[in-house]
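Student: generate a structure from the sequence data that follows.
(one chain, ligands or ions: 2)
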Amino acid sequence: MKHNIATLILAAGWGTRMQSNLPKVLHKVAHQPLLSWVLNAAETLAPVRQIVVVRPGMDQVKEIIGNAHIVLQEKGEGTGAAVMAARPTLEDFKGDVLVLFGDTPFITPETLQCLVETRRSASNPAVVIVGFKPEDPAEYGRIVMNAQDQIERIVEYKDANDTEREIGLCNSGVMAIDGSCLFELVDKLTSNNAKSEYYLTDIIEHARKMGRHCTVVEASEEELMGINSRADLARAELEAQTQLRGAALAMGVTLIDPDSVYLSYDTNLGKDITIGPNVVIMPGVEIRDNVIIHAFCHLEGAKIEEGAIVGPFARLRPGTEIGRDVRIGNFVEVKNSQFEAHSKANHLSYIGDAHIGKKSNIGAGTITCNYDGINKSKTILGENVFIGSNSALVAPVQIGNGAIVAAGSVVTNNVAENALCIARSRQIEKPNGAQIYREQHKKERSNVTLMTVVDNDRPQSNN
Ligand code: UD1
Ligand code: MG
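Tutor: Ligands and ions are numbered 1, 2, ... in the order given. Take a look at the predicted model:
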């Protein structure tokens, strides 16, 4: 159909300046590969075909492209050669072909929409380019306009003369092309230029020779930033974080120091949440309304229900579910564990592969011993359980509703409902033992041979 859209994402460049074994488009910004950012933006146009051009050997790309078709660019260099490689999947297509670059992650759905509308406007341009005016035009291709406000041609930096290099309007690479003439234009490309590459941008001149005109729509520099190096990647991360922080603030989240909070592309935030300084949120985190995340927390793959308070200095690892009004305090690490409503682990604990029932309290220093060097095992606590400080719960182990575990216990067997479990050596007390000990110590120091104090009777020393 005439008005269908096919998106063609060029991702076969080697990305040599990244100095990496990973294809450039798989490098991540806010934890999402560059290519996924572009695919998501393209997806908003409901294209009938999504095509990604890669080189042979870039197999990892296949894992992130969903339903898109992979096309291999086996020969030729340049953006024109990349489009030629897609011929078998696009030759019969007569709608609009949108060309995007896999390393230009922040292109917005609004700009793509504007691009498509301009392509379909009454004057029927053969090609519409997204142009921009960067602060430093550097080595971008320059867009040469004519007196009718149409594009005359695009000249690559390496091929441009001094006057052309003065032009501020640059080519972003993103363009919409009338699919009914795409390959007729591409067939006319040659590699007779400074880089000996097939430049896709040369289709402009060929379209004009065919009597068709080409035009430009403009967008911002931030949106069209291309990533070619690690320094660019760091700049893109900053841009992504700025966008994510801005969106969180707009949704009703308080960020006490926005610049020190790191969000992930998929962070799911409710309302009236407060996030303190220096919080790092990795992928897979959901935080519901009225939650407080205090300073210096590290959260990944965790779901936090309404009214919970986490941190400061807490680490929630994948598989963590924090129920309503739960308290997770400082230096508590939780992995693959569920805390039901109103339960607490306020200080210095490791809770792994555990289920904590409602209103249970885990004392300071409690450790779930979930790994015996071979297997991981579960610790299951019922409701209203109280675990005294510095206890070790040796999994697999279950502690029934209402049970109490005395401080310092090493619990290796299940504990029944409402039982009191004391799993430590019994305390002994020697009347006047302290006095006797001090006297012995004094005599030892004055070099008098004394009756030996049994080692076990000596108080613990810190020396
Ligand atoms: C290109 C444009 C330039 C524009 C700039 C914007 C051309 C000839 N030049 O230049 O006008 O200002 O982008 O960033 O189009 N790719 C392939 N196969 C290849 C070569 C490249 O798929 O053989 C892909 C890359 O993966 C990348 C995109 O095409 O996503 C752009 O390639 P790149 O080499 O970075 O083009 P530039 O020289 O930057
Ligand atoms: Mg480039």
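Student: pretty sure T201 is touching R142, no?
Tutor: No - the pair formed by T201 and R142 falls short of the contact definition of C-beta atoms under 8 Å, at 10.0 Å. In short, each C-beta sits where N, CA and C put it, glycine included.
Student: list residues touching both of those two?
Tutor: The overlap between the contact sets of T201 and R142 (C-beta atoms under 8 Å, 6 or more residues apart in numbering) consists of I154, N171.
Student: can you give me the strands in the stretch 351-463 of the chain?
Tutor: 354-356, 361-362, 367-369, 379-381, 386-387, 392-394, 397-399, 404-405, 410-411, 420-421 (DSSP state E, counting those that start in this stretch).
Student: ok, which of those strands comes nearest K344?
Tutor: Closest of the strands of the stretch 351-463 of the chain to K344 is strand 361-362, at 5.0 Å (criterion: C-beta to C-beta).
Student: how far off centre is the closest one?
Tutor: With C-alpha atoms, centre = their mean, to the nearest Å as the basis, strand 361-362 stands 32 Å off its chain's centre.
Student: who does it pair up with?
Tutor: Strand 361-362 has the following sheet partners, assigned by DSSP bridges: strand 344-352 (parallel), strand 386-387 (parallel).
Student: mind putting those strands into CSV with mean neighbour count, mean pLDDT and distance to V326?
Tutor: Compiled in CSV, the strands paired with strand 361-362 are given as follows (neighbours: other C-beta atoms under 10 Å; pLDDT from 0 to 100; distance: least, C-beta to C-beta, whole Å):
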stretch, mean neighbour count, mean pLDDT, distance to V326
strand 344-352, 21, 98, 7
strand 386-387, 24, 98, 15
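Student: would you reformat these as CSV and include distance to Y157?
Tutor: Compiled in CSV, the strands paired with strand 361-362 are given as follows (distance: least, C-beta to C-beta, whole Å):
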stretch, distance to Y157
strand 344-352, 55
strand 386-387, 67
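Student: shaky segments in the stretch 51-200 of the chain?
Tutor: Low-confidence segments of the stretch 51-200 of the chain (pLDDT under 70): none present.
Student: returning to what we had before: can you tell me which of the strands paired with strand 361-362 is nearest to T7?
Tutor: T7 lies closest, by C-beta to C-beta, to one member of those: strand 344-352, at 43.7 Å.
Student: kindly export that closest one (C-alpha atoms) in PDB.
Tutor: Presented in PDB, the C-alpha positions along strand 344-352 are these (Å, rounded to 0.1, in the frame of the first residue of the first chain):
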ATOM      1  CA  LYS A 344      11.400  -5.200  58.900                       C
ATOM      2  CA  ALA A 345      15.100  -5.800  58.400                       C
ATOM      3  CA  ASN A 346      16.500  -2.500  59.700                       C
ATOM      4  CA  HIS A 347      20.200  -3.100  60.100                       C
ATOM      5  CA  LEU A 348      23.200  -5.000  58.700                       C
ATOM      6  CA  SER A 349      21.700  -8.200  57.200                       C
ATOM      7  CA  TYR A 350      21.900 -10.500  54.300                       C
ATOM      8  CA  ILE A 351      18.600 -11.900  53.300                       C
ATOM      9  CA  GLY A 352      18.900 -14.300  50.300                       C
END
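Student: which residues touch that strand?
Tutor: Residues from elsewhere that reach strand 344-352 (C-beta under 8 Å, 6+ apart): 326-337, 339, 356, 360-368, 370-371, 376, 379.
Student: what of stretch 227-244?
Tutor: The list of residues contacting stretch 227-244 from outside it, by C-beta under 8 Å, 6+ apart, reads 15, 17-19, 24, 27, 29-30, 34, 103-106, 222, 225-226, 262-265, 267.
Student: having no further points to raise, I will conclude here.
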